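Here you go, sequence then predicted model.
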Amino acid sequence: MQMLVSGTWQESTSGRTEEVTSPFDGHVVDVVPVATAKDALAALDRAEVGARIQRTLPAHARADILLRAAALADERAEDIAQTITAETGKPITEARGEAGRAGAIIRLAAYEGTQLYGDTLPLDANPGTGQDKIGFTLRQPCGIIVAITPFNYPSLLVLHKIAPALAAGNAVVLKPARTTPLTALKLAACFVDAGLAPEALSVVTGSGGELGDVLVSDPRVRKVSFTGSTATGTRIASIAGVKKLSLELGASCPVIILPDADIELAATAVAAGGYINAGQVCISVQRVLVDRRVEADFLDALVPMVKAIEVGDPTSASTRLGSLISTTEAERVERSIAAARDSGARVLTGGERSGAVLQPAVLADVDPASPFSQDELFGPAVAVSRADDLGAAIALANDSAYGLGAGIFTSDVAGAVRAMRQIDAGNVHINWTPLWRADLMPYGGLKGSGIGKEGIRSAVQEMTEEKTVVLHGRPW
């Protein structure tokens, strides 16, 4: 499959290509170009033209294009889902759920792009100013936006960047994950076929290290939207220069379970929230902080549910857990589980590996200060640790470099209010895990989990800039 540069499907200027392979069985899914720095700069050159076109296009006209793209995404949802499964190893049922959201995300962005309201300013409230002046604010597109996306949700996370960017009147250069470029290219085709200005969207495939540095450091780029590791986000911040940044980074999400919780509900939620997409989710449940008085009951409920997760061929409708993105990643998670066990944790189930497939694991007696709790795992395993009470659980939840999502299970309103006030996370869920997201809600983290907000309305705001206009009359 070719990459997209300014409406043209083309090869790399170097002529180099690379295979996209299934992490489950290693078969070659397709071949894509390996773009060069020259290709990235060519995409930015054309994006300058695209930004001018997009800025002058009325919001209703941009919305019409996006609505046509949404209809195409709906029509092509099964093909997109099959592509997601092929290049990620994600179970087809999960892939269909992800692809099925594509059209809705684009439609939501189309609407929000038409709702760029400003504010009137009460300038006469300022001493020395009378009623001879009128002030108001206007929003306008940033211009050129660079979007860099990860492998784990190759449709969802691509659309959470490019759909609001285009809806707000920007041009976009997208660099998808090297392991999962095919979904991004098929989504881009929906916009191209819907009549988007050719210069408004480019998708370059290849090395993140080579292309990313060129794209994010270019002074013509006004906004960078990145989802990935904290280490890469830190590098982007160091080289980007003066521009707007949205960085959705790492996490180690905690879930608190109190004695008055519905234990069956909590176990069911954790058995889903820790293992969907093989745990390769920023808001996956990684740390369960359970009150010691109900720890045994919780584990008795959780472990059989995790053992019942069907692992295997991601193309089978009955499979709930397929492969990780690579054998290398599965080996890394396997080592992390072994290191935790060697440090005193009990492996109650799972942890066995075959290629890129890892059996879902539950570990108890995990030291909350251990790397298994503190470092982002990004794999199908959950660490269970004890807490003495709510205060201790909140302290453990906050004892992390990250702050993306958190959950608490309790029937006590006072405890829920205390948790939502005191837990340092960008998203706090009461009686559910952090692995829940509506496309319209603000989404982003605190501390090492990043800066800025996604979610379609928030993204549209962040992909525009506000300016103040003052109309000066004459005193009367």
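Arrived safely. Note that the structure is a prediction, hence the values are computed from the model and not measured.

ok, E454 touching Y443?
Yes: look at E454 against Y443 with C-beta atoms under 8 Å: they come within range, at 4.7 Å. C-beta: built from backbone N, CA, C; applies to glycine.

can you list residues touching both of those two?
E248 (C-beta atoms under 8 Å, 6 or more residues apart in numbering).

show me what contacts P368?
R287, L289, S385, L396, D399.

Swap in 6 Å and give it another go.
By C-beta atoms under 6 Å, 6 or more residues apart in numbering, the contact set of P368 is S385, L396.

how about low-confidence regions in this protein?
For the chain, no stretch has pLDDT under 70.

Can you spell out the domain ranges of it, please?
3-249+449-468, 253-438 (automatic domain parsing).

Adding distance to R474, write those domains out as TSV.
Shown next, in TSV, are the domains of the chain (distance: least, C-beta to C-beta, whole Å):
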stretch	distance to R474
domain 3-249+449-468	6
domain 253-438	49
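
Nearest to P475, out of those domains?
Closest approach to P475 among the domains of the chain is made by domain 3-249+449-468 (4.9 Å; C-beta to C-beta).

Does anything pack onto the longest helix belonging to the chain? Which helices or strands?
In the chain, assigned by DSSP state H, the helix with the most residues is helix 37-56. Applying 3 or more C-beta pairs under 6 Å, 6 or more residues apart in numbering; DSSP states H and E, one finds that helix 37-56 contacts strand 171-175, helix 208-217.

again, only this time at 7 Å
Judged by 3 or more C-beta pairs under 7 Å, 6 or more residues apart in numbering; DSSP states H and E, helix 37-56 is in contact with strand 3-5, strand 133-141, strand 144-148, strand 171-175, strand 201-203, helix 208-217.

Tabulate these (JSON lines), appending mean neighbour count and distance to D300.
JSON lines is the format used below for the helices and strands packed on helix 37-56 (neighbours: other C-beta atoms under 10 Å; distance: least, C-beta to C-beta, whole Å):
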{"stretch": "strand 3-5", "mean neighbour count": "25", "distance to D300": "52"}
{"stretch": "strand 133-141", "mean neighbour count": "16", "distance to D300": "54"}
{"stretch": "strand 144-148", "mean neighbour count": "27", "distance to D300": "43"}
{"stretch": "strand 171-175", "mean neighbour count": "28", "distance to D300": "46"}
{"stretch": "strand 201-203", "mean neighbour count": "28", "distance to D300": "49"}
{"stretch": "helix 208-217", "mean neighbour count": "19", "distance to D300": "44"}
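
Could you dump the ones you listed into JSON lines and include distance to H429?
Shown next, in JSON lines, are the helices and strands packed on helix 37-56 (distance: least, C-beta to C-beta, whole Å):
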{"stretch": "strand 3-5", "distance to H429": "37"}
{"stretch": "strand 133-141", "distance to H429": "31"}
{"stretch": "strand 144-148", "distance to H429": "27"}
{"stretch": "strand 171-175", "distance to H429": "30"}
{"stretch": "strand 201-203", "distance to H429": "34"}
{"stretch": "helix 208-217", "distance to H429": "31"}
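
nearest to T56, of these?
strand 133-141 (10.1 Å).

Quickly note the distance from the residue nearest the centre of the chain to D297.
Centrality entry for the chain: nearest residue to the mean C-alpha point is L157, 4.9 Å, by C-alpha atoms, centre = their mean. The gap separating L157 from D297 is 37 Å, by C-beta to C-beta, to the nearest Å.

Show me the beta-bridge partners of P254.
R287 (DSSP bridges).

That one: neighbouring residues, count only.
P254 has 32 neighbouring residues, counting by other C-beta atoms under 10 Å.

tell me the contacts of the residue nearest to V192 when sequence neighbours are not counted?
In space, and not counting its chain neighbours, V192 is closest to G7: 6.2 Å by C-beta to C-beta, 6 or more residues apart in numbering. Residues near G7 by C-beta atoms under 7 Å, 6 or more residues apart in numbering: V192, P198, E199.

again, only this time at 8 Å
By C-beta under 8 Å, 6+ apart, G7 lies in contact with V192, A197, P198, E199, L201.

Mind checking which of the residues you listed land in strands?
L201 (DSSP state E).

Now rank the contacts of G7 by neighbours and give me the top one.
L201 (29 neighbours).

Might one say that that residue is in contact with K161?
No: contact criterion C-beta under 8 Å: L201 and K161 do not qualify, at 11.2 Å.

where do the contact lists of those two overlap?
Joint contacts of L201 and K161 (C-beta under 8 Å, 6+ apart) are V172, L174.

Mind listing what's buried along the host helix or strand of V303?
Using DSSP states H and E, V303 sits within helix 295-307. Applying a neighbour-count criterion of 16 or more other C-beta atoms under 10 Å, one finds E295, D297, F298, L299, A301, L302, V303, M305, V306 buried in helix 295-307.

The helix or strand just after it packs against which elements?
Once helix 295-307 ends, the next helix or strand along the chain (criterion: DSSP H and E) is helix 327-342. In terms of contacts (3 or more C-beta pairs under 8 Å, 6 or more residues apart in numbering; DSSP states H and E), helix 327-342 is packed against strand 346-349, strand 353-354, strand 357-358, strand 361-364, helix 371-374, strand 381-387.

and the angle for helix 327-342 with strand 381-387?
For helix 327-342 against strand 381-387, the angle by axes from the mean of the first three to the mean of the last three C-alpha atoms, to 10 degrees is 30 degrees.

Kindly format the C-alpha coordinates of helix 327-342 as CSV.
Taking C-alpha atoms only, helix 327-342 is exported to CSV below (Å, rounded to 0.1, in the frame of the first residue of the first chain):
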residue,chain,number,x,y,z
THR,A,327,7.1,-11.2,20.4
THR,A,328,9.6,-8.7,21.8
GLU,A,329,6.8,-6.9,23.7
ALA,A,330,5.4,-10.2,25.0
GLU,A,331,8.9,-11.2,26.2
ARG,A,332,9.2,-7.9,28.0
VAL,A,333,6.0,-8.4,29.9
GLU,A,334,6.9,-12.0,30.6
ARG,A,335,10.1,-10.8,32.2
SER,A,336,8.2,-8.2,34.3
ILE,A,337,5.9,-10.9,35.6
ALA,A,338,8.9,-13.1,36.5
ALA,A,339,10.7,-10.3,38.2
ALA,A,340,7.6,-9.5,40.3
ARG,A,341,7.3,-13.2,41.3
ASP,A,342,11.0,-13.3,42.2
